[in-house]
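A.B. asks: Quick one, fold the following:
(2 chains)
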Protein chains: 2
Amino acid sequence: AFPFNHSCFFFSPGLLQKLSKDSVFFRDGVRRIDFVLSYVDDKDCDKKQERRRIYEANLEKAGLELETEDKSESEDGKTYFVKIHAPWEVLATYADVLKIKVPFKVSDMPDDREMPMNWLSTPFRLPKHIMHPDPDFFTAPFSKSKSDFFLIENQDTFFPPSTRNRIVYYILARCLYVNEDCGDKKGIKRLLNNGSYTAAFPLHDSRYWIKSKYDNCESERHDLYSHWAQFLCFFKEQPINRIRKYYGEKIGIYFAWLGFYTEMLLFAAVVGTICFLYGFLTFDENQWSKEICSEEIGGKIVMCPLCDKKCGFWKLNTTCNSSWQSHLFDNVATVFFAIFMGIWVTLFLEFWKRRQARLEYEWDLVDFEEEQQQLQLRPEYEAKCTKSKQNPITKEMEPYLPVTSKCARSCLSGATVLLWVSILSSDQIQSPSVYHLFFSLSSVLALVPFMLFDQDIYLSSALLCPFRWVMNWWSSRKAQNHPESLYSRWEQDHDLQSFGQLGLFYEYLEMVIQFGFITLFVASFPLAPLLALFNNIIEIRVDAWKLTTQFRRPVAAKAHSIGAWEEILNGMAVLSVVTNAFIVAFTSDMMPRLVYMYAYQPRGEMNMKGYINNSLSVFNISEIPYRSMPDDEENPVYRDYRYPPGHEKEYSHTMQFWHILAAKLAFIIIMEHVVFLVKYFVAWLIPDVPSDVRARVKRERFLVQEYLHNYEVEK
Amino acid sequence: AFPFNHSCFFFSPGLLQKLSKDSVFFRDGVRRIDFVLSYVDDKDCDKKQERRRIYEANLEKAGLELETEDKSESEDGKTYFVKIHAPWEVLATYADVLKIKVPFKVSDMPDDREMPMNWLSTPFRLPKHIMHPDPDFFTAPFSKSKSDFFLIENQDTFFPPSTRNRIVYYILARCLYVNEDCGDKKGIKRLLNNGSYTAAFPLHDSRYWIKSKYDNCESERHDLYSHWAQFLCFFKEQPINRIRKYYGEKIGIYFAWLGFYTEMLLFAAVVGTICFLYGFLTFDENQWSKEICSEEIGGKIVMCPLCDKKCGFWKLNTTCNSSWQSHLFDNVATVFFAIFMGIWVTLFLEFWKRRQARLEYEWDLVDFEEEQQQLQLRPEYEAKCTKSKQNPITKEMEPYLPVTSKCARSCLSGATVLLWVSILSSDQIQSPSVYHLFFSLSSVLALVPFMLFDQDIYLSSALLCPFRWVMNWWSSRKAQNHPESLYSRWEQDHDLQSFGQLGLFYEYLEMVIQFGFITLFVASFPLAPLLALFNNIIEIRVDAWKLTTQFRRPVAAKAHSIGAWEEILNGMAVLSVVTNAFIVAFTSDMMPRLVYMYAYQPRGEMNMKGYINNSLSVFNISEIPYRSMPDDEENPVYRDYRYPPGHEKEYSHTMQFWHILAAKLAFIIIMEHVVFLVKYFVAWLIPDVPSDVRARVKRERFLVQEYLHNYEVEK
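C.D. replies: Numbering: from 1, shown residues only, chains lettered A, B, ... in the order given. Model prediction:
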């Protein structure tokens, strides 16, 4: 399937065009603006001027058409804008070079994904023309020599804007800006770095808050804004095909992933909430809290001070409240939920692989290789390549990135995630079981801001972003008030923020850290998925809003998967089973209670009566010289299983201690083995590529071959 | 790389050819025999005769050439032989249909795999002309229309014999044997089943014990026999390129795998032997055996009877010998070896993947898909397909195998392996620690025949195989004595065993079961890899001998991997870490000893003095009415950690029991986590495809494209 527009090829009358500058066409109203460069003319710097002169001459030599807006036309009276148009000849040549896939026939594959309970999902669906802007096509890599094979209705609109800007960027990235005999200094990136240009960006196709006035323009930005970036759409599906069409596959797949993750979080959140409610409803059966709170038991137990000199003795029933609260997070349901999340995580990753395979098919990325992309959008890559070596495939000299540097870069993302997770939660692992409640609450407190509020809003809000947004808002107000003839399309976009190369990296990082929290430590706080769900529902719309209104349009980039993040998520999924087993065994009070109930209940009954007393050991306070009991009460107690003073093995661990330790370790072993067994069985059971997608891929490949063959034969 | 012969295209003089029947050519001495069918003419069965008549007519219609030997020419005077020759026209047509890859240019990729210490491996190497029978070629799928693009020196020898017999088999498998209007009964398989023919096989190219008399024939069978199937070659590498050339990729990859497995076993065997020797050399430090054997300690301890009524009391020092022996298998080195094998198994599987990727490249299987194979050699597949459905790719009706049946078939192999392993070793898992020695010895006894002797020799020796072999040997003697003019090539092969479809299945199964033994239970018997190594060295040569001398030549089949077996080996590798951890923790005496040494040694010393006494508990024998101590000795003891009679908790577990249990469980957790961590790290570190192979694959793909393009342009 490939985007294919047929709405842009009637020109609006020249008169209208001249009145307004909110247009994506050259002054003649015909040639589309595919890229815009801007610069401020500082008369005294001839060097920059010279570079620009040569560069623009080279661009024109490459076939691009330029149109420069004088600085007098701009708002601040200082900025020049160079508008770039790629004519058919250039597009066709480079589409051939880049092997861009284009449609040659409307797909005749039956779409049999009709759900039986379709009406149920209607409220969550978007209108069909939003979800599927283009019909499904069979595609083949474009070849200039057989251009009549492809479905070219109109040369101006055959390549959609995202493809056009990709091609132009490809040319911009490898055009020289010095004379050929002066070395090979090239690329817009370096020109931006040395200040010859101030910005280079493709244009949004309309203002976001209003449809373009001209029928010949798609106004896709407005569609996205009104059906996707509005917070009130939060319960609707995302128009991912449109996102892909407008922003390219790389951004499209991020939002597809984010949406899928949010959908899957719904199940985890529901089960988590049920587990929490179970703790809530079984409040009454909580024998040990009753004992802690009762005046006769808890009120009479004097505990050892919590610190050496300053802390005093305290009565056990002072922890009455927190003991009730801890029951909410530390009951049988927690164990169940930890196991459930082990399976959930597997299902999430497996079903994502299937979803991704489907997208790969629908977005025509089946044969796409990541390297191709690097070769195509190489400026950053090339800049990082300090050495050059012979390409073993083509035997030509090429710049390349040394392995060490590659390694370092790919380790970076993994290490960053681990660092964040470990810093923010080191307290989780080390907390002794008594303080379980305290630590799970404190970590929740630490998590909430990260979960409820978008982390980069959060971080950048301390910095300059709000300032930029106020400015953006101001300029959009300005634009709304300004007559259209004054505030041009390119100037509006120029005033927006640039979508950096690392933009998606931080978005993914944020989500992966969140994923780490909800999987790695879910046993200590079952409500985490619920909080994450709320966060993500907001996150999707905030990201959408930022992309449509706050950023310049990014150059469309391809990607057929979420890349290295998938590996990281897989690693976390495995790690989470281990951490949760340890959390349940060591930080929760489950195992000591069960061992007490089954083996140490003095009357042999199966209840928890007497558990509190049993779990405490006596300390002879008179052994510490400067401490003594305030009045003639008994010696204070502490939480452990040790022999009392006076016993032959005083203060060494009792049998019950070893019994409980064995139970804890046995629990870890059983839980890990069972969960991993189920996990790998489930993963083996679910094929990575849905069978219908596999069949369609083969069918399409077969048909493409056949059509191409027939075309060649008939020619 | 593709086999390419240039030795067969000078005909020997017609005179010689007529004197001998040990030739692979038609009577004219020119046309090669690619396949032979045989039948016994039973006059009374017209139906069979009619089928043969139609079938052979159809074969000739398909372009094959037939030559029938009258029954009077055969040894028993009853058997007719139909020799089949495929002329160039047929070969070219079907090579195009089957997309068979053929050479078009000698490869110019530099072979830079020159080892620095090359001379060290010289004794293990075979001569270069045996290892690399053909130069390395660039290949492309054959296309009849551009046959001048390929390196065709001589049409008779362009396709090697294995390709020729594959093509002829393809035709045989889909030729009708009834008139077209009588349904679609087709295929040699069904004709064999209903007895119309008695055998169908391609010919070996010479007798194995002697080179073909004629210069025009390769005598590859003889080369294989003399450089591969001789037991005295056991220390040499295998000529896998020749095996592949003669038997096809499927059999080639089996032997490559078997050879690689044997090489890797060498390391495991060396380390295993060292661990065993360590136990041997630390005999003296074995304090507990000394205590068991000493008259003062072991001689005074009276043990409880081992069974209820019949067994008597026994002195501990009667187990003196077996306690010394158990030290050989149950010492610190065992733990080390269990961990080592966890890593070894990972290295084995990872390096095999690399080796397999290299073979895939060298044997030109990179783009080969298993399905292609099924479509090509479909008779068995088709026979299993009871239903037919529309192919979703070509939209044609095709027979197909229902999913349930597919599932059942793929479960079968896994289940069989698990069953065997579990039956043969259920005693291993359940054995209590006291009887560790007994059980490890008994399982060794059970393993030895499986390891030392080839299991299918073993099993089938009880059946009819030796009888067949005697017959084979007899007929080869006969052939050696017979004048060549009487005992023809086809009759010699006809007297051999047929290589069944399941042949390789049982070979793989046997090896996988062996692999299961040496990985799953290695902690109880470190010498297992050594025994397996001996077995495999024999196994390779026995299998080679069987293939070259005892079996008809199989139809060459393709395969680019060892298939589902890889999954099974991976599963075993994971399982083995778990089983070994449990074996070390529960069936070995390691943990109780360490706990005793660190925590229960009465004097706080770090030695094992007093361990034996400590590990025994007293039983009050007078509680059992019909039992009493023979004289006035103390009460007897048993091996456990329980309170003595008279204690308030008599016969319940002591603290030490729980302490030891905790230690055992902790050991399992630590060993599993450490080994799995290292395992997955190592697996992640080692790329599945060697980087030079990856580069070569791409380079070759690039060059093939370029050459093809140039060819098209120049045409």
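
A.B. asks: contacts, neighbours, all on C-alpha from now
C.D. replies: Fine.

A.B. asks: Quick check: A:Leu316 vs A:Ile668, distance?
C.D. replies: Here the criterion is CA to CA, to the nearest Å. By it, A:Leu316 lies 30 Å from A:Ile668.

A.B. asks: swap in A:Leu594?
C.D. replies: 15 Å.

A.B. asks: And these two? Which one has more around it.
C.D. replies: Neighbours were counted for A:Leu594 and for A:Ile668 using other CA atoms under 10 Å in any protein chain shown; A:Ile668 has more, 25 against 16.

A.B. asks: pLDDT score for the more buried one?
C.D. replies: Looking at A:Ile668, its pLDDT reads 94.

A.B. asks: Then A:Glu60?
C.D. replies: The model's pLDDT for A:Glu60 equals 92.

A.B. asks: now A:Arg593
C.D. replies: So A:Arg593 comes in at 87 (pLDDT).

A.B. asks: do the same with the one 5 residues further on
C.D. replies: In the predicted model, A:Tyr598 carries a pLDDT score of 87.

A.B. asks: and it, what is it in contact with?
C.D. replies: Contact analysis of A:Tyr598 by CA atoms under 8 Å, 6 or more residues apart in numbering or on different chains lists A:Gly604, A:Met606.

A.B. asks: tell me the SS of it?
C.D. replies: On the three-state scheme (DSSP: H, G, I helix; E, B strand; the rest coil), A:Tyr598 is labelled helix.

A.B. asks: can you count the residues close to the residue of the stretch 501-650 of chain A found nearest chain B?
C.D. replies: Chain B sits closest to A:Val578 of the stretch 501-650 of chain A, with a gap of 9.0 Å, by CA to the nearest CA. With neighbours defined by other CA under 10 Å, the count for A:Val578 comes to 20.

A.B. asks: same deal with A:Lys664?
C.D. replies: Residues near A:Lys664, counting by other CA under 10 Å: 24.

A.B. asks: Nearest residue to it in space, please, no chain neighbours.
C.D. replies: In space, A:Lys664 comes closest to A:Ala585 once its chain neighbours are excluded; the distance is 5.0 Å by CA to CA, 6 or more residues apart in numbering or on different chains.

A.B. asks: unless I'm mixing things up, the residue of the stretch 501-650 of chain A closest to chain B is touching A:Glu672, no?
C.D. replies: Yes - at 6.6 Å, A:Val578 counts as touching A:Glu672 under the criterion of CA atoms under 8 Å.

A.B. asks: if you go through the stretch 451-600 of chain A in chain order, where are the helices?
C.D. replies: Here the stretch 451-600 of chain A has its helices, by DSSP state H, counting those that start in this stretch, at A:455-461, A:465-481, A:489-494, A:503-520, A:528-545, A:564-582, A:590-595.

A.B. asks: Compare these and say which comes out lowest on pLDDT.
C.D. replies: Minimum mean pLDDT among the helices of the stretch 451-600 of chain A: helix A:455-461, a mean of 43.

A.B. asks: Can you tell me how far A:Ser289 is from chain B?
C.D. replies: Separation of A:Ser289 from chain B (CA to the nearest CA, to the nearest Å): 28 Å.

A.B. asks: got it, and A:Asp96?
C.D. replies: Counting by CA to the nearest CA, the gap from A:Asp96 to chain B is 15 Å.
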